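*Asks:* what would the 3D arrangement of this be:
(one chain, ligands or ions: 1)
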Amino acid sequence: MLRVKNLTFGYGDRPVLKNLSFTIEKGENVSIIGASGCGKSTLLQSIYGLHHVDGKIFWGQEQLLGPNFNIVPGESFMKYLTQDFDLMPPLSVAENVGKYLSNAYPRKKQQRVNELLELVEMRELARVKAKFLSGGQQQRVALARVLAKPPEVLLLDEPFSHIDHFRKNKLRRNLFSHLKKAGVTVLVATHDSTDALSYADKTIAMKAGRIIETGAPRELYNNPKNAYIASLFGEVNELPASLFFKKQPPRKKVILYPHEIHLTDGGSYKAVVKNSFFKGSNFLTQAEIEGEEIFFEVPAELQKGKIIHLSIKGELLEKRIR
Ligand SMILES: Nc1ncnc2c1ncn2[C@@H]1O[C@H](COP(=O)(O)OP(=O)(O)OP(=O)(O)O)[C@@H](O)[C@H]1O
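*Replies:* Here you go, the predicted model:
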């Protein structure tokens with residue numbers, strides 16, 4: 001188990017991490033989500049032992065003592081994959097991936113490197129020097145290298161940020177199932193809601209250096225404490241509750257995702273269409289109800305200015321009042 005207790009850290013006298021405490025079970029995949037600059041990378045770096053922090057971090061019974069106690073910064077049982085990949089530019093893709101594998105059995109090593117390159121779809125570029133790769137290709141090589149000798153704990157900072165959509169989904173599936181099978185404890189700092197929703201056992205939501213919510217991704221998504229948490233998963237509406245419940249005070253809000261609002265002839269809420277945004281499988285449509293902007297999804301484009309009626313499940317409205 002990884003235990004973080006009252007972790008506090010600042011760059012100079014500017015506080016960045018403010019009294020964070022949480023635990024992660026061995027083999028769990030945990031996503032850390034939060035707005036840019038909220039401290040996700042700094043948290044991973046602190047766990048890895050790169051900062052002089054206040055508070056305590058334990059892996060099992062062992063306390064991690066940080067840079068004051070390690071001549072080489074970092075912990076041997078952990079790997080931290082940074083946003084700048086850390087490849088050796090003059091070495092080839094295959095050499096980079098095999099760098100930490102033993103040379104005692106060259107054929108076995110070659111086989112393992114090939115397997116890993118297959119996994120990240122880089123087999124054809126095995127002989128190319130890392131310095132000639134694109135950002136996305138470098139990131140894929142860095143991921144393969146991490147898997148070559150899986151650590152006990154893996155800290156991934158935006159691991160797919162440079163990888164195109166075309167490859168990202170398959171790569172993500174491959175990587176996370178590989179890590180799950182290997183029993184690696186994974187912490188992923190991410191902006192990408194798919195990492196947080198589909199693959200994480202647990203999600204930690206951060207805001208301005210604090211943890212504001214921890215829980216199963218489904219719980220955070222279906223029952224967001226506030227619009228900020230909901231917005232980390234995509235587009236969200238935060239509407240005055242008085243639109244739906246006349247007795248609710250104006251300061252109360254209702255949080256709704258666009259797919260939870262339906263276009264229906266007999267819908268209770270009259271709205272005027274303002275704009276449509278093509279999203280591939282649907283149109284994200286912007287409309288106005290009693291002067292309030294609302295976003296919802298429809299399969300076909302609606303004309304600007306059209307009067308429509310929307311419906312929302314009553315129990316959902318009640319559940320989402322904040
Ligand atoms: N080396 C540094 N020196 C001084 N301030 C820093 C340093 N690194 C980060 N910061 C500041 O600390 C805060 C947290 O940064 P951090 O990179 O941890 O956030 P983040 O949530 O990972 O952001 P992003 O999602 O954009 O990567 C930011 O305000 C950032 O400007």
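
*Asks:* what's the neighbour count on Leu156?
*Replies:* Residues lying near Leu156 (other Cβ atoms under 10 Å) number 27. C-betas here are computed from N, CA, C, even on glycine.

*Asks:* pLDDT wise, what is it at?
*Replies:* For Leu156, the pLDDT comes out at 95.

*Asks:* now it, which residues is it bridged with?
*Replies:* Counting by DSSP bridges, Leu156 forms beta bridges with Leu81, Val188.

*Asks:* quick check: it touching Ala189?
*Replies:* Yes. Between Leu156 and Ala189 there is a contact at 7.1 Å, judged by Cβ atoms under 8 Å.

*Asks:* does any part of the least confident helix or strand in the chain by mean pLDDT sit near the ligand?
*Replies:* One helix or strand of the chain scores below all others by mean pLDDT, DSSP states H and E: helix 193-194, with a mean of 85. No. On the criterion Cβ under 6 Å from any ligand atom, helix 193-194 is out of touch with the ligand, staying 13.6 Å away.

*Asks:* report all helices and strands that that helix contacts.
*Replies:* If contacts are counted by 3 or more Cβ pairs under 8 Å, 6 or more residues apart in numbering; DSSP states H and E, helix 193-194 sits against no helix or strand.

*Asks:* next secondary structure element downstream of it?
*Replies:* Counting by DSSP states H and E, the element after helix 193-194 in chain order, helix or strand, is strand 202-207.

*Asks:* other SSEs contacting that following strand?
*Replies:* strand 29-34, strand 210-215, helix 217-222.

*Asks:* get me the contact residues on the stretch 51-200 of the chain for the ligand.
*Replies:* So far as Cβ under 6 Å from any ligand atom goes, the stretch 51-200 of the chain lies against the ligand at Ala189.

*Asks:* pLDDT below threshold where in the stretch 51-200 of the chain?
*Replies:* 71 (pLDDT under 70).

*Asks:* strands of that one, start to end?
*Replies:* 54-59, 62-63, 78-81, 153-157, 185-190 (DSSP state E, counting those that start in this stretch).

*Asks:* and for the stretch 201-322 of the chain?
*Replies:* 202-207, 210-215, 237-240, 253-256, 262-263, 269-278, 283-289, 292-298, 307-311.

*Asks:* do you know which of the ones you listed lies nearest Leu44?
*Replies:* strand 202-207 (11.4 Å; Cβ to Cβ).

*Asks:* okay, now the sheet partners of the closest one, with direction.
*Replies:* strand 29-34 (parallel), strand 210-215 (antiparallel).

*Asks:* so does the last one get close to the ligand?
*Replies:* No. Under the criterion of Cβ under 6 Å from any ligand atom, the ligand is not reached by strand 210-215; the shortest gap measures 12.0 Å.
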